[in-house]
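In: need a structure here:
(one chain, ligands or ions: 2)
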Amino acid sequence: MPLPDPALVVLVGASGSGKSTWASRHYRAAEIVSSDQLRGVVGSGEHDLDASTDAFALLEQVVAARLGRRLTTVVDTLGTDAPRRRRWLAAARGAGLPGVAVVLDTPAGVCRSRNAARDRPVPARALERQLASVAATTDLLAGEGWDAVLVLTPDDLPTYLPTAGPRNTPSRRRSGTVATDGTSPPPGVLREGGGGLRGVVLHLSRFPAEVDLLEWLRDMAAAAEAAGLAGIALMDHLIQIPQVGRAWDPVPEPWVALGALAASTTRLRLGTLVTPVTFRAPGITAKAGATLSALTGGRAFVGVGAGWWEREHAAYGLGFPTPRERLDALEQGIETMKALWSPGTKPYAGQRVSLPETTSYPRPVGELPVIVGGGGDRTLRVAARLGDGCNVPSDEVGLAKVARYLALVAEAGRDPSTVHATVLDLPLVGRDRDDVWSRVERHRGRTAAASFAARHHAGTPDEHTRRLAGLAGRGVTTAFVAPVGLDGPDDVLALAPLATAFG
Ligand code: GDP
Ligand code: MG
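Out: Ligands and ions are numbered 1, 2, ... in the order given. As a prediction, the model looks like this:
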């Protein structure tokens, strides 16, 4: 059972019941506040009972400070002091964090024998008192308002044995190195024919300076294929956007770069997320998309949007019309592309666009989906009527837009199961809990750690897999994933477990 995170986690159990062992299996050392450890800090050692008052004063201070920052806090004490538990739970609530009590319900005999084996055992009578008050506490917890009470019996405990694979062992890294024998297609890839785009697509928005760009792109593509991802999307901007990097960071022209990727991939879907209609005449984007489709045997997609960043338009001598005109251009652009890709070369006279002929070769191979980026209501309506998919953020607001988009698709008389409801997800992915939090520290800038972690769903690959599977349950067909701090192929390989989220 995955516990809420961030959260207050209060352990309850007698000496030797396995509290500290359980905590260190599941949490980073800095997240655990232990009265024994603090006795060792302010007293002569972990069992210096004379230091208890000072140790608990410090413990209360650490708990309050961490909860105030909305950071996960695991309180490792006997857990039998009801007023303290109430105070901690109130502090968690005040910070908006859930509170969970975890009872180590280890048989008395096991606690006794573990205690006896210790260098400095708790006196036998004291242990009996502890066992009695743990039993009494367990009965009280249900009435104290905890968000969850988890009672771990010895059946649960063996899975937490030190030999069961502590962090950072090679077995934990296995997820990052996927066999590439090519015998069976990885999940989420080429299940459907044509331009199907279901699964997790790597979104590249940051490109390294001072490396061989072609080699870097090839390495990233090889890693994405090995990880079983469904495709690669390239950002289409003329100057690096402030949300991602510095203006002088390199941003390759995506259609040229996609041509290079086409030469070194055999399974990945390739396209842009998203091409502003203000950058290129739509017929030219239609030509690029169809060419990429031909080069890849039908693995291309075209992301389009209205464009939003005035600065890059000014710098490159492009017009930047009003929002209404840009949305008009988006509608016309999609209609133009679809006209040029449809069979035949006859004249086209549509609602917004007329073309004297539609002579456009090569034709796309199979479906060439148009994914419309943006969450404004008119954009969603354009996506539903004219496009083949939408792209919105993966947060709650975005998910509401996915629902709206699917309703609009149905309203337009189209089958919602044939469109691509896609989200852009910016996860922070770490190998394990320690790696996750060191990445949070590295990348959070001046944002509070807890807010940054929440915004990017900071977690392990397994946690992201579960979360993305939840998105699939809400109508999302494709997650474009742009991991925070993505630098090289190893970070792409770490996404392998996520590839299964939509399968
Ligand atoms: P605490 O006093 O409740 O913090 O208990 P500890 O976590 O310090 O555990 C007491 C002893 O029991 C240590 O020697 C642990 O290695 C051992 N221990 C803890 N959990 C388990 C378990 O699940 N299985 C076994 N076999 N030993 C455990
Ligand atoms: Mg302990």
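In: from here on, just use CA atoms for contacts and neighbour counts.
Out: Will do.
In: quick one: residues contacting the one residue in the stretch 351-500 of the chain that gets nearest to ligand 1.
Out: Closest residue of the stretch 351-500 of the chain to ligand 1, C-alpha to the nearest ligand atom: R433 (19.2 Å). Residues counted as contacts of R433 (C-alpha atoms under 8 Å, 6 or more residues apart in numbering) are 27-28, 459-460.
In: for those residues, pick the one with the most neighbours.
Out: Using other C-alpha atoms under 10 Å as the neighbour test, these are led by G459, with 25 neighbours.
In: hang on, V302 in a strand?
Out: Yes - the assignment for V302 (DSSP: H, G, I helix; E, B strand; the rest coil) places it in a strand.
In: for S394, see how far away it is.
Out: 20 Å (C-alpha to C-alpha, to the nearest Å).
In: please identify which of those two sits among more neighbours.
Out: Counted by other C-alpha under 10 Å, V302 and S394 do not tie: V302 has more neighbours, with 27 against 23.
In: that one and P369 touch, don't they?
Out: Yes - distance between V302 and P369: 6.2 Å, which falls inside the contact criterion (C-alpha atoms under 8 Å).
In: show me the shaky parts of the protein.
Out: In the prediction, the chain carries residues with pLDDT under 70 at positions 1, 155-196.
In: tell me the domain boundaries of it?
Out: 8-161, 199-500 (automatic domain parsing).
In: now the first one, how far from the chain's geometric center?
Out: What it means is domain 8-161. Chain-centre distance of domain 8-161: 31 Å, with C-alpha atoms, centre = their mean, to the nearest Å.
In: with the longest one instead?
Out: Averaged C-alpha coordinates place domain 199-500 at 16 Å from its chain's average position (C-alpha atoms, centre = their mean).
In: next, count neighbours for V372.
Out: 32.
In: point out the most buried one among the domains of the chain.
Out: Highest mean neighbour count of the domains of the chain: domain 199-500, a mean of 20 (counted as mean count of other C-alpha atoms under 10 Å).
In: got the end-to-end distance for that domain?
Out: Start-to-end, domain 199-500 (C-alpha to C-alpha) is 8 Å.
In: and for stretch 41-58?
Out: 10 Å.
In: quick one: contacts of that stretch?
Out: Residues outside stretch 41-58 that contact it (C-alpha under 8 Å, 6+ apart): 35-40, 120.
In: can you rerun that using 6 Å?
Out: 36-40 (C-alpha atoms under 6 Å, 6 or more residues apart in numbering).
In: near ligand 1 at all, it?
Out: No - applying C-alpha under 6 Å from any ligand atom, one finds stretch 41-58 separated from ligand 1 by no less than 10.9 Å.
In: same deal with stretch 138-156?
Out: No - applying C-alpha under 6 Å from any ligand atom, one finds stretch 138-156 separated from ligand 1 by no less than 6.7 Å.
In: mind exporting that stretch as CSV, just the C-alpha atoms?
Out: In CSV, the C-alpha atoms belonging to stretch 138-156 read as follows (Å, rounded to 0.1, in the frame of the first residue of the first chain):
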residue,chain,number,x,y,z
THR,A,138,-3.3,0.9,18.9
ASP,A,139,-6.9,1.0,20.2
LEU,A,140,-6.8,4.8,20.5
LEU,A,141,-5.5,5.5,17.0
ALA,A,142,-8.8,4.8,15.2
GLY,A,143,-10.4,7.7,17.1
GLU,A,144,-7.6,10.2,16.6
GLY,A,145,-8.4,11.3,13.1
TRP,A,146,-5.4,9.9,11.2
ASP,A,147,-5.7,9.8,7.4
ALA,A,148,-4.5,6.2,7.6
VAL,A,149,-3.4,3.8,10.2
LEU,A,150,-1.2,1.0,9.0
VAL,A,151,-0.7,-2.0,11.2
LEU,A,152,2.3,-4.0,10.1
THR,A,153,2.4,-7.6,11.4
PRO,A,154,5.4,-9.9,11.1
ASP,A,155,4.0,-11.2,7.8
ASP,A,156,4.8,-7.8,6.4
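In: would you list the phi and psi of V440?
Out: Dihedral pair for V440: phi -60, psi -50, per degrees, to the nearest 10.
In: actually T272, sorry about that
Out: Phi and psi for T272, reported as degrees, to the nearest 10, are phi -110, psi 150.
In: what sits against it?
Out: Contacts of T272 by C-alpha under 6 Å, 6+ apart are 233-235, 302-303.
In: and of those, the nearest to ligand 1?
Out: A233 (45.4 Å).
In: I'd guess the closest one is in a strand, am I close?
Out: Yes - applying three-state DSSP, one finds A233 inside a strand.
In: contacts only, for it.
Out: Going by C-alpha under 6 Å, 6+ apart, A233 touches 203, 270-273.
In: got those as TSV, with distance to G317 and secondary structure columns?
Out: Converted to TSV, these look like this (distance: C-alpha to C-alpha, whole Å; DSSP: H, G, I helix; E, B strand; the rest coil):
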residue	distance to G317	secondary structure
H203	27	strand
L270	28	strand
G271	25	strand
T272	22	strand
L273	22	coil
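In: out of those, who's near ligand 1?
Out: Counting by C-alpha under 6 Å from any ligand atom, no member of the contacts of A233 is near ligand 1.
In: out of these, which comes closest to ligand 1?
Out: H203 (41.7 Å).
In: which residues does the closest one contact?
Out: H203 neighbours (C-alpha under 6 Å, 6+ apart): 232-234, 480-482.
In: nearest residue to G259 other than its sequence neighbours?
Out: L292 (6.6 Å; C-alpha to C-alpha, 6 or more residues apart in numbering).
In: list of residues touching the helix or strand hosting that neighbour?
Out: Per DSSP states H and E: L292 is located in helix 282-296. Residues outside helix 282-296 that contact it (C-alpha under 6 Å, 6+ apart) are 262, 299-300, 333, 337, 363-365.
In: now swap in stretch 64-76 and tell me
Out: Applying C-alpha under 6 Å, 6+ apart, the contact partners of stretch 64-76 are 6-11, 31-34, 92, 95, 450.
In: now, these that are in strands?
Out: Among the contacts of stretch 64-76, the members falling in strands (DSSP state E) are 8-11, 32-34.
In: which of the residues you listed sits closest to G317?
Out: Within the ones in strands among the contacts of stretch 64-76, the smallest distance to G317 is 54.3 Å, found for L8 (C-alpha to C-alpha).
In: measure that closest one to G143 for me?
Out: Relative to G143, and taking C-alpha to C-alpha, L8 is found at 17 Å.
In: ok, now R439?
Out: 38 Å.
In: what helix or strand is the spatially most distant residue from the centre of the chain on?
Out: Distance from the centre of the chain peaks at R125, with 49.9 Å (C-alpha atoms, centre = their mean). Per DSSP H and E: R125 is located in helix 124-141.
In: which helices and strands does the next helix or strand after that helix pack with?
Out: For helix 124-141, the following helix or strand on the C-terminal side (DSSP H and E) is strand 148-152. When contacts are defined as 3 or more C-alpha pairs under 6 Å, 6 or more residues apart in numbering; DSSP states H and E, strand 148-152 sits against strand 99-104.
In: how about the strands in the stretch 151-300 of the chain?
Out: Assigned by DSSP state E, counting those that start in this stretch, the stretch 151-300 of the chain shows strands spanning 199-204, 231-234, 269-272, 275-276, 300-305.
In: make JSON lines out of those and add distance to A135.
Out: JSON lines is the format used below for these (distance: least, C-alpha to C-alpha, whole Å):
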{"stretch": "strand 199-204", "distance to A135": "48"}
{"stretch": "strand 231-234", "distance to A135": "54"}
{"stretch": "strand 269-272", "distance to A135": "58"}
{"stretch": "strand 275-276", "distance to A135": "63"}
{"stretch": "strand 300-305", "distance to A135": "60"}
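In: right, so of those, which gets closest to P343?
Out: strand 300-305 (17.9 Å).
In: just checking: what are the partner strands of that closest one?
Out: Here strand 300-305 is paired, per DSSP bridges, with strand 269-272 (parallel), strand 275-276 (parallel), strand 370-373 (parallel).
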